[in-house]
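Asker: one predicted model, sequence on top.
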Amino acid sequence: MEYQSLKELYNDLKGAFNVKLRLIGEDYKYIKINDIWDYLRINKWSKDKGLTLSEMVNDIIEVDIKKVDLFQREKISKDVI
């Protein structure tokens, strides 16, 4: 399936993001869907070619949440400076 916009893709992946948020639970309750989306979009998916929806869902479920956390902290510190 080919997507016409990132918003359309994002909406189709929301279920996987919600599963990931339930899996990380209270330890990282401040991490939101957009944080995971931004991390994967910038650090993984922008470098991959021919990604399937199932590969993206797997990336969401398997992403190292500590890396997402670090990515967000670095992003916030850049915004503050």
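Answerer: The structure has been received and is ready for your questions.

Asker: phi first, then psi, for residue 52.
Answerer: Dihedral angles of residue 52 (phi, psi; degrees, to the nearest 10) stand at phi -100, psi 160.

Asker: give me the pLDDT for it.
Answerer: pLDDT recorded at residue 52 is 94.

Asker: measure it to residue 58 for me?
Answerer: Relative to residue 58, residue 52 is positioned 9 Å away (C-beta to C-beta, to the nearest Å). (C-beta placed from N, C-alpha, C; glycine too.)

Asker: give me the more crowded residue out of the two.
Answerer: residue 58 (12 against 9; other C-beta atoms under 10 Å).

Asker: ok, that one - contacts?
Answerer: Residue 58 makes no contacts at all, as judged by C-beta atoms under 8 Å, 6 or more residues apart in numbering.

Asker: for it, report the pLDDT, please.
Answerer: Residue 58 is given a pLDDT of 98.

Asker: could you say what helices and strands the helix or strand of the chain with the lowest mean pLDDT packs with?
Answerer: Lowest mean confidence among the helices and strands of the chain (mean pLDDT, DSSP states H and E): helix 65-80, at a mean of 88. Applying 3 or more C-beta pairs under 8 Å, 6 or more residues apart in numbering; DSSP states H and E, we find helix 65-80 packed against helix 33-43.

Asker: relative to helix 65-80, how tilted is the helix it packs on?
Answerer: Relative orientation of helix 33-43 versus helix 65-80 (axes from the mean of the first three to the mean of the last three C-alpha atoms, to 10 degrees): 90 degrees.

Asker: may I see the buried residues of helix 33-43?
Answerer: By 16 or more other C-beta atoms under 10 Å, the buried positions in helix 33-43 come out as 33, 35, 36, 37, 39, 40.

Asker: give me the mean pLDDT for the longest helix seen in the chain.
Answerer: Longest helix in the chain by number of residues (criterion: DSSP state H): helix 6-24. Per-region confidence: helix 6-24 scores 96 on mean pLDDT.
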